[in-house]
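S.K.: could you look at this predicted model? Sequence included:
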Amino acid sequence: MNRNMQNLHHFSVLTAIKKQKRTFVFHSFHKIRLLQANVVTKYFPADSENATSLPAPYQINHLMAFKKLELIDPILKALDAEGYTTPTPIQAQSIPLILEKRDLLGCAQTGTGKTAAFAIPILQILYGQKQEERGPRNIKVLILTPTRELAIQIDESFAAYGKFTGLTHTVIFGGVSQLNQTNILRRGVDILVATPGRLLDLISQGFIDLKHLKIFVLDEADRMLDMGFIHDVKRIITKLPVKRQTLFFSATMPPEIQKLANVLLTNPAKVEVTPASSTVDAIEQSLYYVDKKDKPSLLLHLLKDEKILTALVFTRTKHGADKVVKFLHRHNITAAAIHGNKSQNARQNALSNFKSGNTRVLVATDIAARGIDIDDLSHVINFELPNVPETYVHRIGRTGRAGNTGIAISFCDGEERDELRDIQKLIGKNIPVIAEHPFPLSIDAFSRPVAPQQKSAPKRSRGFGNFDKAKSRNFNPRYKANKN
């Protein structure tokens, strides 16, 4: 068949398909495969006399639980490629509600499959609208998240679940040049994942316009509050269209976050999977009493166990994280720190090396904790107990994700008794104590009183508030008289 005849053949095939309003994709210049479930699927080679029937449309038995959620074939195909078989509880509850275009208030721990719970239905909604829309791409979905690491991982999730939908997405965050980000935004995207600071910056520069927004997702709202982003969030909210669907997710619901939810949401459905103050049952918790000065040695002792292939270690401060890494390096253990003082490239390299197994120990502060999402992480070690008991839940939630088992080990010195008491009160049980180890805490450490926190001295006045004019040379007439 010559080239003119080939072109005529393909034109006739495409015309017939368009008349039936069927969706099609090109597998090669000579082959077209129809994806609609109600069409007899065939290949159309250049020699149409040898047309060959294909297997039945996309159906996989082990995805039947997802099929019951009425998901479209392109998303089912992506879930199969990711190895998904059964939706988690928050996915099973949230996906139908979001597909109904209802506002949603989700309260769920980390590791429950929350990202997929909103990403999958959002992709399906946009896929349905894509068939009707023409013209340039406008931002239709905004996902606002507190940390760079979490923003990147949410964007990766949209890439994985939406790989067969043809929808576009990108992620923006600070700490790096904005050039690549703005170049992508100029071309147009359907879905934008952002951190608050960079989003406001690019809005002010005119690179981002949210007037076409259909869906707004606020993720990790309580962490936004903890990190001081709540005022930026409120500024962003004023730039959103009034008519929109809003999805609000938070691991905990302190009063200020509940107040924000009340402002943002309209008649929301509420999904709560596992009470926010409880720990994941699959996590095996243990407690080691140890002097503060012996904590590094105890950590080294535990890491001699070859069963600990990788460990995520939490410290309270950035300086403390760097000290732990240097100590481990001196003892030939591969380790890296991830916290706010690290550059974006350094943080991403540390996380990538940890995920790939090139780095055995990742030491993190709580600010970076929510952005760490590793399904096979077996051990979390609290080098220092957190000041806020809910943070303990978030920390150990890095392991035992999505139903997997995990181990959480905590060190407690004599000055951390109050923190331990608050944690055990929150989780409703005592953490089992491991007494047999080389660095037991001395009895004296528990008999010493805990030093009260020092109250900061009042700031000196600059002429307002409690300023005493009588003591000022500028206002007291005695000083002026003496001067004259």
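M.R.: Looks like it came in fine.

S.K.: now tell me what touches the host helix or strand of residue 93 from outside.
M.R.: For residue 93, the host element (DSSP states H and E) is helix 89-99. In this structure, residues lying in contact with helix 89-99 by C-beta atoms under 8 Å, 6 or more residues apart in numbering are 65, 69-71, 87, 104, 106, 108, 112-114, 116-118, 120-122, 124-125, 245, 247, 269, 271, 273. Every residue, glycine included, has its C-beta placed from N, CA and C.

S.K.: got a quick ChimeraX command for the buried subset of these?
M.R.: In ChimeraX, this line selects whichever of these come out buried by 16 or more other C-beta atoms under 10 Å:
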select :69,71,87,104,106,108,112,113,114,116,117,118,120,121,122,124,125,245,247,269,271,273
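
S.K.: looking at the contacts of helix 89-99, which are in helices?
M.R.: 65, 114, 116-118, 120-122, 124-125 (DSSP state H).

S.K.: list just the nearest of those residues to residue 385.
M.R.: residue 114 (25.6 Å; C-beta to C-beta).

S.K.: tell me which residues touch the closest one, please.
M.R.: So residue 114 contacts 90, 106, 108, 219, 249 (C-beta under 8 Å, 6+ apart).

S.K.: ok, for the first one, nearest residue in space, not its chain neighbours?
M.R.: If the residues on either side of it in the chain are set aside, residue 90 comes closest to residue 273, at 4.3 Å by C-beta to C-beta, 6 or more residues apart in numbering.

S.K.: that neighbour against residue 112, yeah?
M.R.: Yes - applying C-beta atoms under 8 Å as the test, residue 273 and residue 112 come out as touching, 5.5 Å apart.

S.K.: what touches both of these two?
M.R.: 88-90.

S.K.: now rank the residues you listed by neighbours and give me the top one.
M.R.: Counting neighbours by other C-beta atoms under 10 Å, residue 90 leads these with 24 neighbours.

S.K.: low-confidence regions, the stretch 101-250 of the chain specifically.
M.R.: Applying pLDDT under 70 to the stretch 101-250 of the chain picks out residues 109-111, 131-135.

S.K.: which stretches in it count as strands?
M.R.: 104-108, 141-144, 169-172, 191-194, 215-218, 245-250 (DSSP state E, counting those that start in this stretch).

S.K.: partners of the first one in the sheet?
M.R.: Within its sheet, and counting by DSSP bridges, strand 104-108 is paired with strand 245-250 (parallel), strand 269-273 (parallel).

S.K.: possible to save those strands as JSON lines with distance to residue 174?
M.R.: As requested, these are arranged in JSON lines below (distance: least, C-beta to C-beta, whole Å):
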{"stretch": "strand 245-250", "distance to residue 174": "22"}
{"stretch": "strand 269-273", "distance to residue 174": "31"}
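
S.K.: what's the closest of those strands to residue 391?
M.R.: strand 245-250 (14.0 Å).

S.K.: can you name the next helix or strand after the closest one?
M.R.: Remark: after strand 245-250, the chain's next helix or strand is helix 255-264, criterion DSSP H and E.

S.K.: residues in contact with that following helix?
M.R.: 103, 105, 216, 218, 221-222, 225, 230, 233-234, 237, 246, 248, 250, 253, 268.

S.K.: buried stuff in it?
M.R.: Neighbour count says helix 255-264 has 257, 260-261, 264 buried, by 16+ other C-beta under 10 Å.

S.K.: ok, back up a step: going by neighbour count, which of the contacts of helix 255-264 comes out on top?
M.R.: residue 221 (30 neighbours).

S.K.: ok, that one to residue 158 distance?
M.R.: 20 Å (C-beta to C-beta, to the nearest Å).

S.K.: what of residue 256?
M.R.: From residue 256 to residue 158 the distance is 29 Å (C-beta to C-beta).

S.K.: what do you get for residue 74?
M.R.: Taken as C-beta to C-beta, the span from residue 74 to residue 158 is 13 Å.

S.K.: sorry, back to before: looking at the strands of the stretch 101-250 of the chain, which is closest to residue 356?
M.R.: strand 169-172 (20.7 Å).

S.K.: so which elements touch the closest one?
M.R.: helix 148-161, helix 179-187, strand 191-194, helix 196-204 (3 or more C-beta pairs under 8 Å, 6 or more residues apart in numbering; DSSP states H and E).
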